[in-house]
Structure formats: structure tokens, C-alpha cells
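A.B. asks: Kindly generate the corresponding structure for this input.
(one chain, ligands or ions: 1)
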Amino acid sequence: MENYHVFKFGGASVKDADAIKNLSNIINKRLQNQMIIIISAIGKTTNALEEILNLKLQGLEYTTNMVALRQIHLDICGELFEKEAPVFAWIDNLFTQLSRQMEKNLAKENYDEFYDQVVGVGELLSTRIVQEYLCQQQLFCIWQDARELIRTNDDFRFAKVDWEITQANCKKLLLSNSSQFPIVTQGFIGREAKGRTTTLGREGSDFTAAILATCVKAKSVTIWKDVEGVLNADPKRFANTIRFEQLDYREAAELTYYGASVIHPKTIKPLANAQIPLFVKSFLNPEAPGTAIGNFDVQHATPVIVIKEKQILVTFRVMDFTFIEESHIHQVYRVLEKLKLKVNLLQISAITLSICIDHELFKLERLMQELRHFFEIRYNENLLLITVKNKEMNTIDGILKGREVLLEQATRTTFQVVTKA
Ligand code: ASP
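C.D. replies: Now for the predicted structure:
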């Protein structure tokens, strides 16, 4: 009888040597053979790799940033391992591969593919370090390349999972190995049919946990965070937040849709379909209860505030004295679909159609290019989309105080506003 448990540790939980020691203690207390441990890139490594890419794209010097990133990893290893430990050679090797990739040509046209080959290195580095450290602590475990497990299509940066092949890979590689030792593997990355690395979208390691859990029919998934569980607002922005003890899959999915960054939006669906419970717990306080997400049939009335950053509000205005009608909506949505841009909010007036979308490199430009002959287009960047679920007047007033509002929308239960950051 299989009895897998999946643990996912985000960047903050491996941000330095002490964090990795803490992770090792958490595992030590909960160790069992059938365990899959998914690790994100260390701290802000993914952002650092994105920055390196952007420098190259602009034709600027990027090697200083790369040297600094390498040094961060080496310094962490310096605190965890003896000088002659094999992990140092692994790190050198990965940075050499990264340098080779960076020497290739990068342009707007191949940006997405290039991005995945570069950014995925963060997880390869972190998992090597963590696996070596766990073994050094006598917590023997196996390093598994997630790209041998997760097969995707070639939508680079937003790759879609091929569930059938992934399931078969998991059966072949995980079910045989992990009955002997826990597996340590990378979040976020996969591989397309030709063997190129793909990624599942920023913060995608939670989704990796859900994919692997589903494929091995795990008993549970636990996401270890720097917060006490799922809260009704971001504790870094709001005082007196409330932790949910239990959340129904449905409610959790809704919160992730609005942008609650505690869980990646694609995580809940596969887990709910497979009826696998999801626990969100604090790696800073591992004995605390956290939040359990499952089939709880509870609907909370507490107001929940979710803030989505780096939003763009685009307004399309018809140019010929007609009103906005279905065909205009189709026209805009067709381009959005082509560019794989998700609409976070939509509002229609007599002659305008406004959408709120995430900031993504080059995409606004392409959207405007495709539609500028049909509409007069205006946009504002660097905005916040604030959602209040279970809306309540005091909470909304508090949020709106002193803010410049560009767009506002309310349903019976939910209030949303787009404001300047
Ligand atoms: N390292 C990736 C990111 O920062 C994936 C993840 O952490 O979930 O987006």
C-alpha cells in the first residue's frame, strides 16, 4: 500500500544556511520512506536570474550579477559543508552550463525559451545543496531531476502538463525509488518532448507538488511557508490578520484566483479532484497547526483582502460612434488568448472595454500592436488590484483611504478596485 507524503519548501525556507538546517530538522522529525520533497530556488534566485536575462537582453553587462549569485550559493555551502564536499563541484558545473547558455543569442523572439533554460537553474542548484545536506545529516535521500518526471508542452514560461506521460514517468521513477529513500526534487521545472527545459509559471513549485502528489496518489501535501497558514490578509501589509483553520477546496481556489500568493492558483484543482488534503504550515513554527484545505463544506464570512501587484489597466475605446458589443469583446479576447494573457478584471461601459492584466515582458506591446487599428487604447502600469471577498464597508473604507482609484467593481459578496501602487 502506497503511503506518500509530499512536502514543498519555498525559496524563503532555504534562503540561507540556517534556513536549510531548519528544513533538515523539520524533515528529521517527520521522516518516512515514502516522501517527496520539492524545493524552490534559494531565496530570490529566480528574480536574480530574471535580472541577469534582462541585462543581457538590453546588451548590458551581466557577469557581475552572475558572479554574485554564484557566491551566494558558495557561501551557503561554505557554512554547511567541508571544503572538499562534492557539492562545490556541482555548483561550479551548473554555473558553467549557465554561462554557456548565456553566451547564446537572445532576442525578443526566443526570449521565452531562453528564459526557461536559464531560470530553471535556480532549482537545480538548491536541490543539490539540500539533498547533500540531508545526506550529511544521515537523512539519506535521492536527488531526482524533475524534468525526467514532468512532461509539458512547449509553451515556454507557462508550460502545460502532459498528465499521461508525467504519470507514467512517476510510476517508473518514483514508485520504485522512493519506497527505499525519500526523494528530493525541483519545483517549477519540466521538460518538453524535444528535451528542452520548461517552467510552469512563477511560483510554480506548489503546482509541482500537486502534480507529483496526484501522480503517486499521495496521502497529503504540505506547503511550508513563512506565515502561519492561509490568512485573511498579507501580514506584511495588514495588522491583526486571522488564520483559517480549515478551508474548503473551493474557497481556497477562489482566493488563489484573486491573487492570494500563499498558494499557486493551479495547485488546488488536481488535489481536489484526487481528494488529497493540502496543509499550509509555517517552517518557522512547524508544530503550529497551520491551515488544512480539503472537503470541509465551510464558507467563511470573515472579510479577506487579496492584493495583486504589477497590474496593468488597459482601456479600449471604440472609434466609430458604435457601442461596445459582443464582437468587440471577442476581438480583444482572441488576442489575449493568443498572447496567453489572463484577464484579472473586466469592465465594460458604452464605448470602452477595460481589462486588468499582469505585467509581462513584451506582451502589452504585442496586445497594442494587434488591436491599435480597431480601438483607441490607453493604459496605466504598475497598479494594484485589490479584492475584498466577503466585503464589508469598514474594510473597504480602510483600503480606499488615500488611494487614487482607477476602476471599481462589486458583486453581492466581492469588492474589487484597481489603484495606483
Ligand atoms: N523559483 C520559482 C519562482 O520564484 C518557483 C517557485 O518558487 O515556486 O517563481
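A.B. asks: Flag every residue of the stretch 151-300 of the chain that's near the ligand.
C.D. replies: Applying Cβ under 6 Å from any ligand atom, we find that the stretch 151-300 of the chain lies next to the ligand at 187-188, 202-205. Bear in mind the C-beta positions are built from the backbone N, C-alpha and C, glycine included.
A.B. asks: repeat that for 8 Å
C.D. replies: Those residues of the stretch 151-300 of the chain that sit near the ligand, judged by Cβ under 8 Å from any ligand atom, are 187-188, 199-206, 208, 264.
A.B. asks: Any quick ChimeraX command for the buried ones out of those?
C.D. replies: In ChimeraX, this line selects whichever of those come out buried by 16 or more other Cβ atoms under 10 Å:
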select :187,188,199,200,202,203,204,205,206,208,264
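A.B. asks: among the residues of the stretch 151-300 of the chain next to the ligand, which are in helices?
C.D. replies: The helices, defined by DSSP state H, take in 205-206, 208 from these.
A.B. asks: quick one: which of those is nearest to the ligand?
C.D. replies: Of all those, the ligand sits closest to Ser205, with 3.2 Å by Cβ to the nearest ligand atom.
A.B. asks: Identify the residues contacting the nearest residue to that closest one once chain neighbours are set aside.
C.D. replies: Excluding its sequence neighbours, the residue lying closest to Ser205 (Cβ to Cβ, 6 or more residues apart in numbering) is Gly187, at 2.3 Å. With contact taken as Cβ atoms under 8 Å, 6 or more residues apart in numbering, Gly187 is in contact with 8, 38-40, 123, 146, 204-209.
A.B. asks: and the residue of the stretch 51-200 of the chain nearest the ligand?
C.D. replies: With Cβ to the nearest ligand atom as the measure, Phe188 is the residue of the stretch 51-200 of the chain nearest to the ligand, at 3.8 Å.
A.B. asks: And the pLDDT for that residue?
C.D. replies: Note for Phe188: predicted pLDDT of 98.
A.B. asks: quick one: contacts for the closest residue in space to Asn65 that isn't next to it in sequence?
C.D. replies: What sits nearest to Asn65 in space, not counting adjacent residues and going by Cβ to Cβ, 6+ apart, is Ile52, at 4.9 Å. When contacts are counted by Cβ under 8 Å, 6+ apart, Ile52 touches 62, 65-66, 69, 102, 118.
A.B. asks: I'd assumed Met35 was in contact with Gln180.
C.D. replies: No - in this structure Gln180 lies outside contact range of Met35 using Cβ atoms under 8 Å: 11.2 Å.
A.B. asks: any idea which of the contacts of Ile52 is closest to Val280?
C.D. replies: The nearest member of those to Val280, counting by Cβ to Cβ, is Leu69 at 28.9 Å.
A.B. asks: so which helix or strand takes in the closest one?
C.D. replies: According to DSSP states H and E, Leu69 maps onto helix 63-80.
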